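J.: sequence-free structure coming up:
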């Protein structure tokens, strides 16, 4: 009966502890991956919202037939809680780089991200002057 117990094979407590240690180190190695992934998702969400605010304003301004006075400027703060949208419309009389017969529409959406970094997206498009 004593011999049977000695021949039994299995894991010792030391082997189990080493296996747990190796597994723990592997899991801890993945932890930074989750942090970076969450930051990336947050940044992507903020960037998408900023782009939507900019394109929404561009579509609204493209429906206008004229702008007065030029340069037309507008600043809207605290959009969706964190964004500031600046709008500027020029023509060839207020900005020499704008071709004759068109308005230049520039939209800048800026914000401070969750890490405290200042971010911004800029759009520039043109709209024909309707006469």
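T.: Received it, and whenever you're ready, just let me know what you need. All of these numbers come straight from a predicted model, not from anything done at the bench.

J.: host element of the residue nearest the centre of the chain?
T.: Within the chain, the residue whose C-alpha comes closest to the C-alpha centroid is residue 47; the distance, by CA atoms, centre = their mean, is 2.6 Å. If you go by DSSP states H and E, residue 47 is part of helix 13-62.

J.: roughly how far out does that helix sit from the chain middle?
T.: Taking CA atoms, centre = their mean, to the nearest Å, the mean C-alpha location of helix 13-62 is offset from the chain mean by 12 Å.

J.: In its sheet, which strands sit next to the helix or strand following that helix, and in what direction?
T.: Per DSSP H and E, the first helix or strand lying C-terminal to helix 13-62 is strand 72-79. Strand 72-79 has its sheet partners listed here by DSSP bridges as strand 83-90 (antiparallel).

J.: Show residues contacting the strand it pairs with.
T.: 49-50, 53-54, 57, 61, 67, 70-79, 98, 103-111 (CB atoms under 8 Å, 6 or more residues apart in numbering). Glycine gets a C-beta too; all of them are placed from N, C-alpha and C.

J.: Could you list the low-confidence segments of the chain?
T.: Residues of the chain meeting the criterion pLDDT under 70: 1-9, 131.
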